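Q: Coordinates for the following, if possible.
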Amino acid sequence: MQVYTIPEAAKLLKAAPITVKRLLLRGELNGFKLGTHWRITDQDLAMFIEAHRPKWKRGENTDAESTA
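A: Model (predicted):
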């Protein structure tokens with residue numbers, strides 16, 4: 001298991017570190033604190049990415065497909 005800091009996770013997500021911190025504080029991205037510093041696992045990042053991927057990229061049926 002790989003563990004990332006906020007700046008490392010931000011670089012992987014191509015986002016600003018403050019955005020990653022806000023996601024952590026809102027509970028949208030899972031992570032844990034080691035002392036006063038946040039850490040995010042590669043599994044947490046993968047779950048976040050999958051949850052925010054459009055439904056059609058996840059292979060799920062969309063309303064347009066189910067009514068056709």
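
Q: and Arg22, what element?
A: helix 17-26 (DSSP states H and E).

Q: Show the subsequent helix or strand relative to that helix.
A: By DSSP H and E, the next helix or strand past helix 17-26 is strand 32-34.

Q: where in this protein is pLDDT low?
A: Applying pLDDT under 70 to the chain flags the ranges 57-68.

Q: Tell me where it has helices.
A: For the chain, helices defined by DSSP state H occupy the ranges 6-13, 17-26, 42-51, 55-58, 63-67.

Q: Excluding residues flanking it in the chain, which one is nearest the most centrally placed residue in the chain?
A: Closest residue to the average C-alpha location of the chain: Phe48 at 2.8 Å, with C-alpha atoms, centre = their mean. In this structure, Phe48 finds its nearest non-sequential neighbour in Leu29, 4.9 Å apart by C-beta to C-beta, 6 or more residues apart in numbering. The C-beta positions use only the backbone N, C-alpha and C, and glycine is treated the same way.

Q: circling back to that earlier point, so for the helix holding Arg22, what gets flagged as buried?
A: 17, 20-21, 23-24 (16 or more other C-beta atoms under 10 Å).

Q: Need the residues that contact it.
A: Defining contact as C-beta atoms under 8 Å, 6 or more residues apart in numbering, one finds that helix 17-26 is touched by 6-7, 9-10, 13, 29, 31, 38, 40, 48.

Q: Output that helix as PDB, nothing but the C-alphas.
A: Below are the C-alpha coordinates for helix 17-26, written out as PDB (Å, rounded to 0.1, in the frame of the first residue of the first chain):
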ATOM      1  CA  PRO A  17      -3.200  21.000  -2.500                       C
ATOM      2  CA  ILE A  18      -5.900  23.200  -0.900                       C
ATOM      3  CA  THR A  19      -8.600  21.400  -3.000                       C
ATOM      4  CA  VAL A  20      -7.400  18.000  -1.700                       C
ATOM      5  CA  LYS A  21      -7.400  19.300   1.900                       C
ATOM      6  CA  ARG A  22     -11.000  20.600   1.500                       C
ATOM      7  CA  LEU A  23     -12.000  17.200   0.100                       C
ATOM      8  CA  LEU A  24     -10.500  15.500   3.100                       C
ATOM      9  CA  LEU A  25     -12.200  18.000   5.600                       C
ATOM     10  CA  ARG A  26     -15.600  17.500   3.900                       C
END
